[in-house]
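*Asks:* structure of the sequence below:
(one chain, ligands or ions: 2)
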Amino acid sequence: MIVAPSLLSADFLHLDRDVEMVNRSRAGYFHLDVMDGVFVPNISFGFPVIKAVASKAEKPLDVHLMIVHPENYISQCRDAGAAIMNVHQEACLHLDRTIHAIRDAGMLPAVTLNPSTPVEMLRDVIADVHMVLLMSVNPGFGGQKFIPNTLAKVARLRALIEETGSQALIEVDGGVNIDTAPALAAAGVDIVVAGSAVFGAPDPEDMISRLTDI
Ligand code: DX5
Ligand code: ZN
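*Replies:* Ligands and ions are numbered 1, 2, ... in the order given. Got it, this is the predicted structure:
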């Protein structure tokens, strides 16, 4: 699987060192978690930090917006250097409009679902979506336990993608580690986000490599 290390678990005092490690590694993307303290009960970082990461990153930035009204930040997200703009279905009243606005701004649109949101909510937009991100924890914090129901949900998403002829990639975020990744690979997940499993490992670059090989 392709690994997208989440910088939420990086060392913010030495972000340059961690960005260089991801550049050197076999990771496919940088995953950046923006939290507003409203959509989720936590606050992380915003566009200035993303911009700083983008100035050194040699891989595309997958920006996961856990914020209300993400449609108000499309140009800021693009200007900060995002390649993929990931918005929550639960945060978008006019999801179809937002998906097209993201593409018109020159980014790849991705939609994230909370654990309680059924994949069926995406039936009418999935043909226009580059990637679907299934949360395998309730969003807001790193280091939580993987929710096993995600595996059945991946199967339902794969069926929806095939039924609709969509090209959407499947990404999973939360509680991914060396123990939970094999079942995700077997279920057909394309990309896994990993925060604490990567940055908490004695050798983060090696952990990215091990997860990539699963
Ligand atoms: C959680 C974030 C995740 C988080 C994952 O709300 O969306 O990207 O960084 O952290 P781990 O891999 O530690 O569960
Ligand atoms: Zn995330």
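*Asks:* just the strands in the protein please.
*Replies:* Secondary structure of the chain, counting by DSSP state E: strands at 2-5, 30-35, 61-66, 84-88, 108-113, 131-135, 169-173, 191-194.
*Asks:* export those strands to a markdown table and tack on mean pLDDT?
*Replies:* Putting these into a markdown table (pLDDT from 0 to 100) gives the following:
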| stretch | mean pLDDT |
| --- | --- |
| strand 2-5 | 98 |
| strand 30-35 | 98 |
| strand 61-66 | 99 |
| strand 84-88 | 99 |
| strand 108-113 | 99 |
| strand 131-135 | 99 |
| strand 169-173 | 99 |
| strand 191-194 | 98 |
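*Asks:* in CSV: these, plus mean neighbour count and distance to ligand 2.
*Replies:* Where C-beta positions appear, they are placed from N, C-alpha and C, glycine not excepted. Shown next, in CSV, are the strands of the chain (neighbours: other C-beta atoms under 10 Å; distance: least, C-beta to the ion, whole Å):
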stretch, mean neighbour count, distance to ligand 2
strand 2-5, 26, 8
strand 30-35, 26, 4
strand 61-66, 26, 4
strand 84-88, 27, 8
strand 108-113, 22, 8
strand 131-135, 24, 7
strand 169-173, 24, 4
strand 191-194, 27, 5
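*Asks:* dump the ones you listed to a markdown table, plus distance to residue 48.
*Replies:* Shown next, in a markdown table, are the strands of the chain (distance: least, C-beta to C-beta, whole Å):
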| stretch | distance to residue 48 |
| --- | --- |
| strand 2-5 | 20 |
| strand 30-35 | 11 |
| strand 61-66 | 13 |
| strand 84-88 | 17 |
| strand 108-113 | 22 |
| strand 131-135 | 24 |
| strand 169-173 | 23 |
| strand 191-194 | 22 |
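*Asks:* so for residue 50, which of the ones you listed sits nearest?
*Replies:* Of all the strands of the chain, strand 30-35 sits nearest to residue 50, with 5.4 Å by C-beta to C-beta.
*Asks:* still on that earlier bit, pipe the strands of the chain into CSV and attach distance to ligand 1 per row.
*Replies:* Listed next are those as CSV, based on distance: least, C-beta to the nearest ligand atom, whole Å:
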stretch, distance to ligand 1
strand 2-5, 8
strand 30-35, 5
strand 61-66, 5
strand 84-88, 9
strand 108-113, 8
strand 131-135, 7
strand 169-173, 5
strand 191-194, 5
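*Asks:* which one of these lies nearest to residue 24?
*Replies:* strand 2-5 (11.7 Å).
*Asks:* what packs against the closest one?
*Replies:* Where contact means 3 or more C-beta pairs under 8 Å, 6 or more residues apart in numbering; DSSP states H and E, strand 2-5 is packed against strand 30-35, strand 191-194, helix 196-199, helix 204-212.
*Asks:* columns distance to residue 131 on top of those, output as TSV?
*Replies:* Formatted as TSV, the helices and strands packed on strand 2-5 follow (distance: least, C-beta to C-beta, whole Å):
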stretch	distance to residue 131
strand 30-35	12
strand 191-194	7
helix 196-199	20
helix 204-212	18
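*Asks:* check contacts around the residue lying closest to residue 107 once chain neighbours are set aside.
*Replies:* Leaving aside its sequence neighbours, residue 107 sits nearest to residue 85 (C-beta to C-beta, 6 or more residues apart in numbering; 4.6 Å). By C-beta atoms under 8 Å, 6 or more residues apart in numbering, the residues touching residue 85 are 63, 65, 70, 74, 77-78, 102, 105, 107-110.
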